[in-house]
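*Asks:* Output the structure for:
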Amino acid sequence: MKNKIPDTIINEIFPRLVKRSKLSEEVYDQLKKMILSGKFKKGQRLVEEKLAHRLNVSRNPVQIALLRLRKEKLVIWKYKKGTFVA
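*Replies:* You can find the predicted model right below:
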């Protein structure tokens, strides 16, 4: 294409891709701190919608953070029940 916009200009106009990954990282860090500090008790159910509202973010960063926490065995997911603190 003749008139292709350089990537540097696109990145200046649309820097959101970087911010999104940072946002899910921040949500992950906050949830992990809450679990490790005991603010969330063992067996407590973590509802995505409520967490997203409480942290003032959309559900997507919360979902990404919960998946990471599942891999670290800090939360468990039960079929048709939800996510719980391990």
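*Asks:* So which elements touch the helix or strand residue 54 falls within?
*Replies:* Following DSSP states H and E, one finds residue 54 within helix 48-55. Helix 48-55 sits against helix 16-37, helix 59-71, with contacts defined as 3 or more C-beta pairs under 8 Å, 6 or more residues apart in numbering; DSSP states H and E. Heads up, the C-betas are built off the backbone N, CA and C, glycines and all.
*Asks:* Apply 7 Å and report the result again.
*Replies:* helix 59-71 (3 or more C-beta pairs under 7 Å, 6 or more residues apart in numbering; DSSP states H and E).
*Asks:* residues making contact with the helix or strand following the helix it packs on?
*Replies:* Using DSSP H and E, the helix or strand that follows helix 59-71 towards the C-terminus is strand 75-78. Counting contacts by C-beta atoms under 7 Å, 6 or more residues apart in numbering, the residues outside strand 75-78 that touch it are 46, 66, 69, 70, 83, 84, 85, 86.
*Asks:* tell me, how many neighbours does residue 81 end up with?
*Replies:* Around residue 81 there are 9 other residues, counting by other C-beta atoms under 10 Å.
*Asks:* Which positions are bridged to the nearest residue to it once chain neighbours are set aside in the beta structure?
*Replies:* Distance criterion C-beta to C-beta, 6 or more residues apart in numbering; nearest residue to residue 81, sequence neighbours excluded, is residue 45 at 7.8 Å. Residue 45 has the following beta-bridge partners by DSSP bridges: residue 84.
*Asks:* I figured residue 55 hits residue 28, correct?
*Replies:* No - applying C-beta atoms under 7 Å, one finds residue 55 not in contact with residue 28, separated by 10.8 Å.
*Asks:* Compare those two (neighbour count), which wins?
*Replies:* The neighbour comparison of residue 55 against residue 28 (other C-beta under 10 Å) goes to residue 28, with 19 against 16.
*Asks:* picking that back up, what mean pLDDT does the helix holding residue 54 have?
*Replies:* Helix 48-55 shows a mean pLDDT of 94.
*Asks:* Hey, what's the angle from it to helix 16-37? Just curious.
*Replies:* 100 degrees (axes from the mean of the first three to the mean of the last three C-alpha atoms, to 10 degrees).
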